[in-house]
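Chemist: Curious how this folds, go ahead:
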Amino acid sequence: MSSDATVTRPPSPQPPGKRFAYVAVPAEGWRVAAEGARCRYSRGVRDKSRCPAGAVAEKEVPGDAIWPWRGYCPRHMGLNWVEDGQVMTWDLRRKGREDEPLTAAETARLLGGTDGMCAQHHCRRGECPPESRHGHTMRFRDDDWEQWEQAARPTVTARIEQLMQAAGGWLRCPRCRDTDPPVPVTLGDLSGGLLGDWITAAAEQVRLQHPRHQPVVIGAGTAALAVPFRPPAVTP
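Modeler: Residues are numbered from 1 along each chain as shown. You can find the predicted model right below:
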């Protein structure tokens, strides 16, 4: 793209109040795209297809060692545009003091209090650049869910520790300090499942009770026995 090219200026967002207005200022972190640059906009992680149009401006991405500058066409520039060989954008200012930029805290307070406004891009959330990822839902693939479920399962070492603790009549809460007393456990109805699974379920119940712990039953269908509990003696 030549340096004298011009991209149509998009309409300014609605300012939050009569005392404020949007003015056109140079966009920081943007530059006019070089000749032959292509738009790198894509719909998301799953959809690898990119926009076939040529880029008119490039945005700096400091954290990307491979593509430190990403090109965008006029359709995917958001509220930015090219004017007189420079990338421009809209910035919120006070009327009568357009030369004084607002601080980040002032801008966030003004736009954050307005329904549907984005404090990052100074516009309504529906007008944010398409490449922005804030406010989007997080999605997992099936294999990701399987990895999360596998990581959430207790390891063999954790199961052995829980079995040894339950054999002594207590379970330790992983959210408590080491100096806190353990939680007493009693055996209930163990039918309908494996002993290891019942102990794991009891350990999860102990964790969910934190910090107000009560005696826990290993099994189902039986209330906790009202017996005095004595913490195990700690041998030096």
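
Chemist: ok, how many other residues are close to the residue lying closest to residue 74 once chain neighbours are set aside?
Modeler: Nearest in space to residue 74, with sequence neighbours left out and distances taken as Cβ to Cβ, 6 or more residues apart in numbering, is residue 7 at 4.8 Å. Placement of C-beta: from N, CA and C, glycine included. Residue 7 has 18 neighbours, counted by other Cβ atoms under 10 Å.

Chemist: how close does residue 7 sit to residue 100?
Modeler: 27 Å (Cβ to Cβ, to the nearest Å).

Chemist: mind listing the strands for this structure?
Modeler: 20-26, 30-32, 57-60, 69-72, 81-83, 86-94, 117-118, 123-124, 170-171, 183-187, 216-218 (DSSP state E).

Chemist: May I see the buried residues of the fifth one?
Modeler: I take that to be strand 81-83. Buried positions in strand 81-83, judged by neighbour count with 16 or more other Cβ atoms under 10 Å: 81, 82.

Chemist: hang on, residue 67 packs against residue 38?
Modeler: No - the pair formed by residue 67 and residue 38 falls short of the contact definition of Cβ atoms under 8 Å, at 11.3 Å.

Chemist: buried residues in stretch 56-74?
Modeler: Within stretch 56-74, the residues scored as buried using 16+ other Cβ under 10 Å are 56, 57, 58, 59, 69, 70, 71, 72, 73, 74.

Chemist: Could you double-check that residue 182 lies in contact with residue 164?
Modeler: No - between residue 182 and residue 164 there is no contact under Cβ under 8 Å: 11.9 Å.

Chemist: of the two, who's got more company?
Modeler: residue 182 (18 against 9).

Chemist: Counting neighbours, what do you get for residue 183?
Modeler: Neighbours of residue 183 under the rule other Cβ under 10 Å: 23.

Chemist: Residue 200 versus residue 84, what's the distance?
Modeler: In terms of Cβ to Cβ, residue 84 sits 68 Å off from residue 200.

Chemist: repeat for residue 66
Modeler: Applying Cβ to Cβ, the value for residue 66 to residue 200 is 45 Å.

Chemist: Need the contact partners of stretch 198-209.
Modeler: Under the criterion Cβ atoms under 8 Å, 6 or more residues apart in numbering, residues 154, 159, 162-163, 166, 171-175, 183, 185, 190, 213, 216-220 lie in contact with stretch 198-209.

Chemist: Actually, stretch 89-103.
Modeler: By Cβ under 8 Å, 6+ apart, stretch 89-103 touches 12-13, 15-16, 18-27, 30, 79-81, 107, 110-111, 122-123.

Chemist: Tell me if I'm right that the residue nearest to residue 74 and residue 78 touch.
Modeler: No - using Cβ under 8 Å, residue 7 is not in contact with residue 78; the gap is 11.8 Å.

Chemist: Tell me the confidence at residue 71?
Modeler: pLDDT recorded at residue 71 is 89.
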